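[1] fold the following and give me the result.
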Amino acid sequence: MKDVIIALDFSTKKETLDFLDRFKDEKPFVKIGMELFYAQGAEMVRELAKRGHKIFLDLKTHDIPNTVRKTMSVLRDLDIYMTNLHAAGGTDMMKAALEGLSAEGKRRPLLIAVTQLTSTNQQLMERDLLIKLPIEEVVLHYAARAAEAGLDGVVCSPLEARGVHDRCGSGFLTVTPGVRFADGDKGDQQRVTTPAKARELGSDFIVMGRPITLAPDPVAAYRRAVEEFLGE
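    The predicted model follows:
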């Protein structure tokens, strides 16, 4: 099930389709985040699904359980492979999301929970969130609560993937942003590693945006990521 997911960090339909048109022989797994979804809406999701792309709809839902349940009941009608929410919303919210995303007779999209953003480090967590525990411990606690709620996995740093699998089982998915090429700029990410190291640490999916979308040759960058992560 391992794969490389390209984060489509665009705001217009033209930019998005022009970028994907460069992939003549592949239909990469893609992530539609808040920027693209808020700019282009559900039609963008439908367009990319029609083109044959698997879609991770990354909206990081976080609200009261009833609102999240209703939101997920809308998202389930889109042809998406995976979506997410913030584990910090609590177990009741995660269970409500799962209920909203489920429909009899239909394949349920995978539902994963964000633990701590890969732009967060220990200092920020303590200063801004008033969480004094080690970040690794917090991530594992959130992952365990997501597993108890019935979710399929979590978003975490590759550095935490092995610990999540040890705590929640090998079948509990780890979707890991914060992946950069060894010779690349880590940007605003804090807890980062390379595609090859992410594979070694047990990541199931890696998410890469700017290292691919801003590369001089995005297709070559994508293929490099696949080769390093999947060993192909």
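[2] any idea how far residue 201 is from residue 221?
    21 Å (Cβ to Cβ, to the nearest Å). Any C-beta I mention is one placed from the backbone N, CA and C, and that applies to glycine too.
[3] same thing with residue 140?
    32 Å.
[4] swap in residue 135?
    From residue 135 to residue 221 the distance is 29 Å (Cβ to Cβ).
[5] what does residue 146 give?
    Going from residue 146 to residue 221 by Cβ to Cβ gives 31 Å.
[6] who's more crowded, the two?
    residue 146 (26 against 20; other Cβ atoms under 10 Å).
[7] excluding chain neighbours, what is closest to the more buried one?
    residue 113 (3.9 Å; Cβ to Cβ, 6 or more residues apart in numbering).
[8] check residue 182 too.
    Per Cβ to Cβ, 6+ apart, closest to residue 182 is residue 194, 5.0 Å.
[9] ok, residue 101 touching residue 77?
    No - the criterion here is Cβ atoms under 8 Å, and residue 101 misses it with residue 77 at 10.3 Å.
[10] neighbour count for these two, which is higher?
    Shown here are residue 101 and residue 77; by other Cβ under 10 Å, residue 101 has more neighbours (24 against 10).
[11] ok, now which ones touch that one?
    72, 73, 75, 76, 83, 108, 109, 111 (Cβ atoms under 8 Å, 6 or more residues apart in numbering).
[12] so for whichever helix or strand the residue nearest to residue 146 is part of, what's the average pLDDT?
    Using DSSP states H and E, residue 113 sits in strand 110-114. The pLDDT scores in strand 110-114 average 98.
[13] number of residues surrounding the nearest residue to residue 116 once chain neighbours are set aside?
    Spatial nearest neighbour of residue 116, chain neighbours left out: residue 139 (5.6 Å); criterion: Cβ to Cβ, 6+ apart. Close neighbours of residue 139, defined as other Cβ under 10 Å, add up to 26.
[14] then residue 152?
    19.
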